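Peer 1: Quick one, fold the following:
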Amino acid sequence: MMRRRALRSASSAGRLRHGGRGVGAVGVDDDELIELRIVEAGARVDMGQLDAALVTLQDAGVDADARGESAARLDYAYAEVLLASDRRDEAAEWFRHALSADPEDVTGAAPRLAELED
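Peer 2: Below you'll find the model as predicted:
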């Protein structure tokens, strides 16, 4: 799933390489910037750059106490990268944060968390 997003928005993600507000990124709101960072992290995962993907999401402002759909999407993406990095316990924690950020579970964090807790 991350790969498709990365390919679909590769040119947008590339603009983030120089601080997130490079040429062409002017007027991007916070939610759009978070989405671009998620796309960039997905591209990094596809290239095997798991640590860089985590840093990208951290730079985007991953925050266990944040609420709302964008925060939930960021938490979910962070959890997925942690899981890809074989950091299962931390991934479960961040899936919990995603669910807490968005109780309606738009991200689908609940079933991912259930998989990890089995």
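Peer 1: Around residue 91, count how many other residues there are.
Peer 2: Residue 91: 21 surrounding residues under other Cβ atoms under 10 Å. Any C-beta I mention is one placed from the backbone N, CA and C, and that applies to glycine too.
Peer 1: meant to ask about residue 103, not that
Peer 2: By other Cβ under 10 Å, 10 other residues sit near residue 103.
Peer 1: What of residue 116?
Peer 2: What residue 116 shows, counting by other Cβ under 10 Å, is a neighbour count of 16.
Peer 1: What pLDDT is listed against it?
Peer 2: According to the prediction, residue 116 has pLDDT 90.
Peer 1: Kindly report the same for residue 30.
Peer 2: 86.
Peer 1: residues contacting it?
Peer 2: Neighbouring residues of residue 30 by Cβ atoms under 8 Å, 6 or more residues apart in numbering: residue 70.
Peer 1: what's the distance between it and residue 36?
Peer 2: Per Cβ to Cβ, to the nearest Å, residue 30 is found 11 Å from residue 36.
Peer 1: Okay then, goodbye and thanks.
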